[in-house]
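Chemist: Fold the following and give me the result.
(one chain, ligands or ions: 2)
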Amino acid sequence: MPHVYGNDFGAPERAPELTDEAFAALLADDGRVEPRDPMPEGYRRTLVRQIAQHAHSEIIGMQPEGNWISRAPSLRRKAILMAKVQDEAGHGLYLYAAAETLGVDRADLLDQLHTGRQKYSSIFNYPTLSWADVGAIGWLVDGAAIVNQVPLCRCSYGPYARAMVRVCKEESFHQRQGFEILHTLSHGTPAQKAMAQDAVDRYWWPSLMMFGPPDDDSPNSAQSMAWGIKRFSNDDLRQRFVDMTVPQAEVLGLTLPDPEIRWNEERGHYDFGTVDFTELFEVIKGNGPCNRDRMAHRVAAHEDGAWVREAADAYAAKQVARTEGAA
Ligand SMILES: [Fe+2]
Ligand SMILES: [Fe+2]
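Modeler: Numbering: from 1, shown residues only. Ligands and ions are numbered 1, 2, ... in the order given. Alright, predicted model coming up:
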């Protein structure tokens with residue numbers, strides 16, 4: 001019996017296939033694609049991979065910050081952080097439900113995560129060493145997520161686009177809370193300011209890597225753009241993030257660890273240094289500081305939760321039997 005929790009779209013039959021030409025005509029009309037619409041198989045597979053990877057990132061992303069819930073410096077900070085981490089679980093749920101509208105089962109997606117066949121964002125393989133890291137993650141990591149996700153609100157696949165509208169509203173709150181943590185620390189004692197600066201020093205470059213490899217080295221981007229899944233290139237989004245973040249760093253009184261950052265009047269953008277993508281590829285391969293911990297923790301949590309899934313399935317079966325008995 002398939003898992004029945006969480007998907008109120010009904011059990012979707014797999015959408016029929018559509019030729020690339022017919023699909024291009026539909027998209028040219030700025031049409032939205034809905035779950036039972038015909039679509040090319042490549043489009044469906046690309047979306048499943050992207051939405052699953054996005055969902056996995058949301059739930060793995062709960063770990064680095066969850067690490068600080070029991071050590072938050074005040075009750076207020078603890079309550080805010082708990083709400084934030086809970087939001088990320090909710091983002092995972094919307095996204096697994098969106099992936100299921102494409103005819104896959106979330107149990108299979110989780111299995112692919114647990115066996116390393118599907119990935120999650122590499123940023124969550126970095127450790128959270130101090131309280132200031134919670135601020136840096138909110139400000140920089142959620143900030144980069146917003147820049148990546150706002151264009152997805154207009155993505156051609158309806159359920160993904162609609163999930164993004166709500167996710168982006170919550171991400172804005174996450175970004176503001178991170179900024180506020182860092183602002184408080186950077187206006188506190190010299191030790192607090194140093195802690196904030198250290199967190200920003202460690203999280204800045206990995207945040208820039210969140211936009212993926214440079215455009216010349218991003219083989220699937222052109223196809224995703226043609227399909228209306230992706231609206232801007234990796235490098236354009238990275239530039240947008242830098243332009244948004246540099247003035248905020250000035251307000252915080254913190255320095256971004258890149259001596260090459262300067263305003264370029266001619267381009268109308270900030271110039272910045274070269275990102276070390278060899279580090280990104282190493283982390284993707286599994287060699288980041290926390291890859292093994294993150295996966296071990298996730299698999300253990302999944303196994304510990306087996307009884308909840310079994311109970312949900314048993315309850316659903318009972319409901320079905322009851323409805324059938326009444327009919
Ligand atoms: Fe999120
Ligand atoms: Fe977030």
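
Chemist: Show me where the stretch 1-150 of the chain has its helices.
Modeler: 20-28, 41-60, 62-66, 75-100, 106-114, 131-136, 142-149 (DSSP state H, counting those that start in this stretch).

Chemist: Packing partners of the second one?
Modeler: When you say that, I think you mean helix 41-60. For helix 41-60, the elements it packs on are helix 75-100, helix 106-114, helix 221-226, helix 291-304, judged by 3 or more C-beta pairs under 8 Å, 6 or more residues apart in numbering; DSSP states H and E. Using the backbone N, CA and C atoms, a C-beta is placed for each residue, glycine as well.

Chemist: Smallest distance to ligand 2 belongs to which residue of the stretch 201-327 of the chain?
Modeler: M210 (12.2 Å; C-beta to the ion).

Chemist: Can you report how many residues neighbour that residue?
Modeler: Per other C-beta atoms under 10 Å, the neighbour tally for M210 reads 22.

Chemist: who touches the spatially closest residue to it that is not a sequence neighbour in this structure?
Modeler: Distances taken as C-beta to C-beta, 6 or more residues apart in numbering place A144 nearest to M210, at 4.5 Å, with adjacent residues excluded. Applying C-beta atoms under 8 Å, 6 or more residues apart in numbering, we find A144 in contact with 123, 207-208, 210-211, 241.

Chemist: Show me those that map onto helices.
Modeler: Counted as lying in helices by DSSP state H, out of those, are 207-208, 241.

Chemist: Out of these, which is nearest to ligand 1?
Modeler: S207 (14.5 Å).

Chemist: That closest one contacts F241, correct?
Modeler: Yes - at 7.5 Å, S207 counts as touching F241 under the criterion of C-beta atoms under 8 Å.

Chemist: Out of those two, name the residue with the larger neighbour count.
Modeler: More crowded of S207 and F241, by other C-beta under 10 Å: S207, with 26 against 22.

Chemist: so what's the more buried one closest to, chain neighbours aside?
Modeler: L140 (4.1 Å).

Chemist: which residues are common contacts for S207 and F241?
Modeler: What both S207 and F241 touch, as defined by C-beta under 8 Å, 6+ apart, is the set 143-144.

Chemist: How many neighbouring residues does the one residue in the chain that gets nearest to ligand 1 have?
Modeler: Per C-beta to the ion, H91 is where the chain lies closest to ligand 1, at 3.8 Å. A count of nearby residues for H91, using other C-beta under 10 Å, gives 26.

Chemist: so it makes contact with E58?
Modeler: Yes - checked against C-beta under 8 Å, the pair H91 and E58 is within contact range at 4.1 Å.

Chemist: And ligand 2, is the lengthiest helix in the chain touching that?
Modeler: Secondary structure assigned by DSSP H gives helix 158-186 as the longest helix of the chain. Yes - Helix 158-186 reaches ligand 2 (C-beta under 5 Å from the ion) through 171, 174.

Chemist: buried residues in that helix?
Modeler: 158-161, 163-164, 167-168, 170-171, 174-175, 177-179, 181-183, 185-186 (16 or more other C-beta atoms under 10 Å).

Chemist: before we move on, what about stretch 80-87?
Modeler: Within stretch 80-87, the residues that qualify as buried are 80-81, 84-85, 87, counting by 16+ other C-beta under 10 Å.

Chemist: Equivalent analysis for stretch 51-71, please.
Modeler: Neighbour count says stretch 51-71 has 51-69 buried, by 16+ other C-beta under 10 Å.

Chemist: ok, and what's touching stretch 58-72?
Modeler: Here stretch 58-72 makes contact (C-beta under 8 Å, 6+ apart) with 78, 81-82, 84-85, 88-89, 91-92, 95, 120-121, 123-124, 126-128, 131, 133-134, 137, 141, 290, 294, 297-298.

Chemist: Make a PyMOL selection of whichever of these turn out to be buried.
Modeler: Command for PyMOL, covering only those of these found buried under the criterion 16+ other C-beta under 10 Å:
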select buried, resi 81+84+85+88+91+92+95+120+121+123+124+126+128+131+133+134+137+141+290+294+297+298
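
Chemist: where in this protein is pLDDT low?
Modeler: For the chain, the stretches with pLDDT under 70 are 1-16, 327.

Chemist: So which bits of it are right by ligand 2?
Modeler: So far as C-beta under 5 Å from the ion goes, the chain lies against ligand 2 at 142, 171, 174.

Chemist: show me the contacts for the second one.
Modeler: E171 makes contact with 142, 145-146, 149 under the criterion C-beta under 8 Å, 6+ apart.

Chemist: quick one: which two of these are the most distant?
Modeler: Within these, D142 and Q149 form the most distant pair, 9.9 Å apart (C-beta to C-beta).

Chemist: picking that back up, next up, the contacts around the residue nearest to S207.
Modeler: Neighbouring residues of L140 by C-beta under 8 Å, 6+ apart: 178, 200, 203-204, 207, 245.

Chemist: try 7 Å
Modeler: For L140, the contact set (C-beta atoms under 7 Å, 6 or more residues apart in numbering) comprises 203-204, 207.

Chemist: gap between it and L254?
Modeler: Between L140 and L254 the computed distance is 11 Å (C-beta to C-beta, to the nearest Å).

Chemist: now do D276
Modeler: In this view, D276 and L254 are 21 Å apart by C-beta to C-beta.
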